[in-house]
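Novice: Here is a sequence together with a model predicted from it:
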Amino acid sequence: MKLIRFGPPGQEKPGLQLPGGARIDVSAFGQDYTEQFFGSGGLNRLRQWLALHEKECPVIPPGARLGCCIARPSKLICIGLNYARHAAESGMEVPKEPVIFFKATSALCGPDDDLVIPRGSEKTDWEVELAVVIGKRASYVSEAEALDYVAGYALHNDYSEHAFQLERGGQWVKGKSADTFAPLGPFMATKDEIPDPHQLRLWLKLNGETMQDSTTADFVFNIPQVVSYLSQFMSLLPGDVISTGTPSGVGMGLKPPRYLRPGDVVELGIDGLGTARQRAVAWGSH
Ligand code: ZN
């Protein structure tokens, strides 16, 4: 299944994208895609409900806004420097253990929402990433069992303000958390739809020009390693999102560096997980 949420910001309803591409409203199912949904067998219940009720579900108009594909999770955790060439372009070593940082969950937004460049920003940058959605509570899980704890996958753009992140002291979270810095979707594909998450092409274009074009085969730490590793330090809850890091081709790595300005258009995609498009706008202009 491909889970979507649609409607105005803050009033999104749950929906599904069907194999033919049509989008249907499943709010009659009675539950949004929350921690409680994932933690109570929601995907299986929804599948069973759909078998009986698909015909009655209203079709969503093609122009409807898509929101973040899951309801706001308890955590949005990111892995830094998880592709060797990206670590090199960032002037950093490939880490011996995964680099972990948080992004504020209030940064989550829809896949085609405008990117609002934060007030005072000079160095807002793009980062196409594969995001993993957790399906059940994970604490001290082994790598061998880690994929049992995954509900599905989604396309994520880990927007980053590198001056806030790297030049202002303290943790990376300051440069990762502005509103609209985490467009997630268009949909969350359930695990069964992505047979091998370690063989996915991911790409990003800026104003039509390819900037990032890589594959998740190049991960430094793969998904079982990352899920198991994180679960040694915290409980991962149903619906939590783990973003697995970006490949090379970010603006900071260009010579000279290139950062986003109002009017820029960012398009991105991952095999099997759809595409997204964000237009950059100045803070205060929207
Ligand atoms: Zn990132």
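Specialist: All right, it came through fine.

Novice: Neighbours of whichever residue of the chain sits closest to the ion, how many?
Specialist: Using CB to the ion, residue 158 is the residue of the chain that sits closest to the ion, at 3.4 Å. (Each C-beta comes from the backbone N, C-alpha and C, glycine too.) Counted with other CB atoms under 10 Å, residues neighbouring residue 158 total 26.

Novice: For the biggest helix by length in the chain, buried residues please.
Specialist: Criterion DSSP state H: the longest helix present in the chain is helix 42-53. Neighbour-count burial for helix 42-53 flags 42, 43, 46, 49, 50 (criterion: 16 or more other CB atoms under 10 Å).

Novice: Report the two of these separated the most.
Specialist: Greatest spacing in the buried residues of helix 42-53, by CB to CB: 42 and 50 (11.9 Å).

Novice: any residues in contact with both of these two?
Specialist: Taking CB atoms under 8 Å, 6 or more residues apart in numbering as the criterion, residue 42 and residue 50 do not both touch any residue.

Novice: Which positions in the stretch 51-200 of the chain make contact with the ion?
Specialist: Proximity of the stretch 51-200 of the chain to the ion (CB under 5 Å from the ion) is limited to residues 127, 158.

Novice: again, only using 8 Å
Specialist: Within reach of the ion by CB under 8 Å from the ion, the stretch 51-200 of the chain has these residues: 78, 79, 80, 127, 129, 158, 160, 176.

Novice: Between those residues, which sits nearest residue 113?
Specialist: Closest to residue 113 out of those is residue 158 (14.9 Å), distances taken as CB to CB.

Novice: backbone phi and psi for the closest one, please?
Specialist: phi -80, psi 70 (degrees, to the nearest 10).

Novice: Go ahead and confirm it touches residue 246.
Specialist: Yes - the pair residue 158 / residue 246 is scored as a contact, 6.2 Å apart, by CB atoms under 8 Å.

Novice: Could you pull out the residues contacting both of those two?
Specialist: With CB under 8 Å, 6+ apart, residue 158 and residue 246 have common neighbours 127, 129.

Novice: what about the stretch 101-250 of the chain, any weak spots by pLDDT?
Specialist: Scanning the stretch 101-250 of the chain for pLDDT under 70 picks out nothing.
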